[in-house]
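Chemist: Sequence and predicted structure are below.
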Amino acid sequence: MDELIDEVTPHLIPLAIGFVATAIIVLIVNKATRTKGKRIEYHIGFFVASSLFLLLIPEYFQSILFCPAGVLVIGTLIPIYESIKAAVSIDREDDVAWLQFWLASGTFTYVTEWMDVVAEHYPSIAEHWYEFEFLTLLWLLLPFTDGSTFLFDKITGPLFGGMAERVKKKMESKMSLFMIIINSWFLWIMWFTFLTLDEEARRFIVIAVGTVYPIAASTVACTTRGSKDDTFWLTYWSCFSILFIMMDYLENFIGKIRGFYSICLCVTVYLFLPMFRGADSVFRNILVPLTGQYEAMLLRDIYLVKEEMMKKIPRKSRDGAMEKAAALFDKKAA
């Protein structure tokens, strides 16, 4: 028994530390008030605290936090869960806030996709990369720093808002052309060309397809008042992030199979193409039930129906219509 305890303990300690750290971060995300990145002293405090943490905390604890699993939890798992909660809530502000996070996070992931290649030539970068990645994502995530909103308000919105709208329109016109030729011989040529590329190139194309247009469309959704697209793109990023995790894991085993990245590309396109809107189907039928948010989603649907009724029913008839609608909900099932 003692030997078994000795073998298990070294594995349980990192799990316990990771669980406690995750619980603390989730608590802060849910309880702290978002500053929208306007409190400069919080940014300075985060930088100072991070520096002290790196200098004073033992390497054992740093190795537990600053690792692929730690980055996965901070940059993907927590945001996915919080995004699902935001997407089924009535408030639009939380949709926009988490969409801004995915804009920053998606751009960061896309830009650093070649970091493994860089790390091979510069080992010193690889040695500290997870520290930088973890702390950057944490800065984007935490409500009191709210780095994602800070970047959007200071850089993305003012500098790239108009450009994103133009990119979105051009990509949508290309999609229309794509839908015309989708059943033609040209699609086979495109697929054959894709298969002839090496593994890294195919992976890069999948990530590019899954990030470039969605980033542009998400930027437009965040800058357009009264837009309903922000909720859809929030569901998209949740679904695509899960797809990316699965691709990143499975490619170690079946990545060399020619059809692997073709399937990933097809699923990615299925998630955001207007004719499919697969992200909405996956979100409503899989992610929401798995996270226990089904009732909240139904309440949001009811609220949206009410909003549509208020727009379409003449003002003088609204009170009567609402009373009838309320009576339908109060009526007990036979």
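Modeler: Here it is on my side, so go on. Numbers count the residues shown, from 1 in each chain.
Chemist: Could you use CA atoms for every contact and neighbour count after this?
Modeler: Noted.
Chemist: Give the burial count for the closest residue to Pro79 other than its chain neighbours, as a bare number.
Modeler: Spatial nearest neighbour of Pro79, chain neighbours left out: Trp98 (7.5 Å); criterion: CA to CA, 6 or more residues apart in numbering. Counted with other CA atoms under 10 Å, the neighbours of Trp98 add up to 25.
Chemist: Roughly how far does Trp98 sit from Glu200?
Modeler: 30 Å (CA to CA, to the nearest Å).
Chemist: Just list the residues touching the residue nearest to Pro79, thanks.
Modeler: 79, 82-83, 86, 234 (CA atoms under 8 Å, 6 or more residues apart in numbering).
Chemist: Going toward the C-terminus from the helix or strand where it lies, what's the next helix or strand?
Modeler: Per DSSP states H and E, Trp98 falls inside helix 93-111. The C-terminal neighbour of helix 93-111 among helices and strands, as given by DSSP H and E, is helix 115-121.
Chemist: Show me how far that following helix is from its chain's centre.
Modeler: Its chain's C-alpha centre and that of helix 115-121 lie 25 Å apart, by CA atoms, centre = their mean, to the nearest Å.
Chemist: for the helix or strand just after it, packing partners?
Modeler: Counting by DSSP H and E, the next helix or strand C-terminal to helix 115-121 is helix 123-141. Secondary-structure packing of helix 123-141 (3 or more CA pairs under 8 Å, 6 or more residues apart in numbering; DSSP states H and E): helix 68-72, helix 93-111, helix 115-121, helix 147-151.
Chemist: Tell me how far Gln62 lies from Glu133.
Modeler: Distance from Gln62 to Glu133, by CA to CA: 13 Å.
Chemist: My understanding was that Thr223 contacts Gly157; is that so?
Modeler: Yes: using CA atoms under 8 Å, Thr223 is in contact with Gly157, at 6.9 Å.
Chemist: hang on, the earlier thing: just put the helices and strands packed on helix 123-141 in TSV and tack on mean pLDDT and distance to Thr268.
Modeler: Output for the helices and strands packed on helix 123-141, formatted as TSV (pLDDT from 0 to 100; distance: least, CA to CA, whole Å):
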stretch	mean pLDDT	distance to Thr268
helix 68-72	90	20
helix 93-111	90	14
helix 115-121	71	23
helix 147-151	94	24
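Chemist: where in this protein is pLDDT low?
Modeler: By pLDDT under 70, the weakly predicted segments of the chain are 1-11, 117, 119, 161, 164-165, 167-193, 225-227, 331-334.
Chemist: tell me the centre residue of it?
Modeler: By CA atoms, centre = their mean, the mean C-alpha position of the chain lies nearest to Trp237, the distance being 3.8 Å.
Chemist: Does that one touch Trp102 like I think?
Modeler: Yes: between Trp237 and Trp102 there is a contact under CA under 8 Å: 6.7 Å.
Chemist: quick one on the thing from earlier: for the residue nearest to the centre of the chain, phi and psi?
Modeler: phi -60, psi -30 (degrees, to the nearest 10).
Chemist: quick one, what contacts Tyr294?
Modeler: Contacts of Tyr294 by CA under 8 Å, 6+ apart are Val288.
Chemist: how near is it to Ile286?
Modeler: Distance from Tyr294 to Ile286, by CA to CA: 10 Å.
Chemist: so where does Ala216 fall, helix or strand?
Modeler: helix 199-223.
Chemist: That helix vs helix 93-111, what angle?
Modeler: If you take axes from the mean of the first three to the mean of the last three CA atoms, to 10 degrees, helix 199-223 sits at 150 degrees to helix 93-111.
Chemist: Could you give the number of residues near Glu133?
Modeler: Glu133 has 21 nearby residues by other CA under 10 Å.
Chemist: returning to what we had before: which one of the helices and strands packed on helix 123-141 lies nearest to Tyr261?
Modeler: helix 93-111 (16.8 Å; CA to CA).
Chemist: Break down the stretch 201-334 of the chain into its helices, ranges please.
Modeler: 229-254, 258-272, 278-282, 288-290, 294-312, 315-330 (DSSP state H, counting those that start in this stretch).
Chemist: So which of these is nearest Phe194?
Modeler: Of all the helices of the stretch 201-334 of the chain, helix 258-272 comes closest under CA to CA, at 7.9 Å.
Chemist: Can you list the neighbours in contact with that closest one?
Modeler: Contacts for helix 258-272 (CA under 8 Å, 6+ apart): 191, 194-195, 202-203, 206, 209-210, 214, 236, 239-240, 243, 247, 251, 254-255, 276-280.
Chemist: Buried only: go through these for me.
Modeler: 194-195, 202-203, 206, 210, 214, 236, 239-240, 243, 247, 255, 278-280 (16 or more other CA atoms under 10 Å).
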